[in-house]
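Asker: Kindly generate the corresponding structure for this input.
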Amino acid sequence: MNILIIGGAGYIGSHVTREFLDNGHDCTVYDNLSSGLRENLFPQARFIHADIHDYPLLLETMKGGFNAVIHLAAYKAAGESMLKPEKYSHNNIAGTINILNAASEAGIKNIVFSSSAAVYGNPQYLPIDEKHPTLPENYYGFTKLEIERFLGWYEKLKGINYASLRYFNAAGYDVKGRIKGLKQNPANLIPIIMETARGVRKEMQIFGNDYDTPDGTCIRGYVHVSDLSAGHVLALDYISKNNKSLTVNLGSEEGFSVLEVVDIARKVTGKPVPAKTAERRKGDPSKLYDSSSLALEILGWKARYSDMETILKTSWEAYKK
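Answerer: So this is what the prediction gives:
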């Protein structure tokens, strides 16, 4: 297939691009490099340095004979979204409307969307499956859920098939070491651990130690970014062959506490990783992890690299360089 990957120079986007290339697809990366990196681009993929808000260029690009669009162009910092909702409205919502309108006008019938477990909000039961109520706790999660609703309407009105993939904490790096660009200004636990191990940070913070968990720190599910990338390929194959949309979780179905992740990281890196306890962050649930049985049933997808040791080893290989 000929595939347009919007946001393909970012952390997840570069891994997704690599996976599609590995599976013999023709890829074009469309990215404004606001958070993506040139070092994450591959010579086998065409690159267009452009913004989704440049509608004429977006439409002209989409008229280039593409079979599918992979949409990974959303801002994703939950905390920031609560302080700057206008930024997230403009990029995530208005930007997605541009993508959908351009795809519709260009006659593209398949979209794979990078959604998030943030659409669920605080868990009412665990593990979280796709039937769980969608009650986002932050504006970022709200924008992802609204995009899913737009996708549903464009399916009904314009015949565009979509796959909405709800991620649970993407982590790790390409298992073959081909992705070099590191996350910029990370807000996620594992990149912060890596920066602390490297000495970029003097110490890291653990937010809260009095949660209802065995060691008092939050438990989260993680999924290796290489597993996520494989899920995109399988999802596109499914919606294009079956002319049918789907929404599935992609996660490891296993939870790790913050202290567990830090302890494993110390063993993997051989570094002390200094950490101090800070106050809880507002809105952090004690436990959050998934059921991905639907992805296994429909797509045959199962996490292969999402054990915590592999996640941390592949992260350390990228960071220590």
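Asker: pLDDT-wise, which helix or strand of the protein ranks last?
Answerer: Lowest by mean pLDDT, DSSP states H and E among the helices and strands of the chain is helix 78-83, with a mean of 90.
Asker: Leu288 and Gly255 touch, don't they?
Answerer: Yes: counting by CB atoms under 8 Å, Gly255 is a contact partner of Leu288 at 7.4 Å. For glycine as for every other residue, the C-beta is placed from the backbone atoms N, C-alpha and C.
Asker: Measure how far the least confident helix or strand of the chain is from the centre of its chain, please.
Answerer: Put simply, helix 78-83 sits 17 Å off its chain's centre (CA atoms, centre = their mean, to the nearest Å).
Asker: On the C-terminal side of that helix, identify the next helix or strand.
Answerer: Downstream of helix 78-83, the next assigned helix or strand under DSSP states H and E is helix 85-88.
Asker: Can I get that following helix as PDB, trimmed to CA atoms?
Answerer: These are the backbone C-alpha positions of helix 85-88, laid out as PDB (Å, rounded to 0.1, in the frame of the first residue of the first chain):
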ATOM      1  CA  PRO A  85      -7.000  23.700  26.300                       C
ATOM      2  CA  GLU A  86      -6.900  26.100  23.400                       C
ATOM      3  CA  LYS A  87      -3.600  24.600  22.200                       C
ATOM      4  CA  TYR A  88      -5.100  21.100  22.300                       C
END
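Asker: what distance separates the helix or strand following that helix from the centre of its chain?
Answerer: Note on helix 85-88: by DSSP H and E, the next helix or strand toward the C-terminus is helix 95-106. In terms of CA atoms, centre = their mean, the centre of helix 95-106 is set 21 Å apart from its chain centre.
Asker: What's the local residue count around the closest residue to Ala170 other than its chain neighbours?
Answerer: Using CB to CB, 6 or more residues apart in numbering and skipping the chain neighbours, the partner closest in space to Ala170 is Val225 (5.0 Å). Val225: 28 surrounding residues under other CB atoms under 10 Å.
Asker: how much space is there between Val225 and Ala318?
Answerer: Using CB to CB, to the nearest Å, we find Val225 at a distance of 11 Å from Ala318.
Asker: Touching both of the two, which residues are there?
Answerer: The overlap between the contact sets of Val225 and Ala318 (CB atoms under 8 Å, 6 or more residues apart in numbering) consists of 173-174.
Asker: Next, work out how far apart Asn101 and Tyr55 are.
Answerer: 8 Å.
Asker: ok, Glu137 touching Asn122?
Answerer: Yes: contact criterion CB under 8 Å: Glu137 and Asn122 qualify, at 6.0 Å.
Asker: Please identify which of the two sits among more neighbours.
Answerer: More crowded of Glu137 and Asn122, by other CB under 10 Å: Glu137, with 17 against 13.
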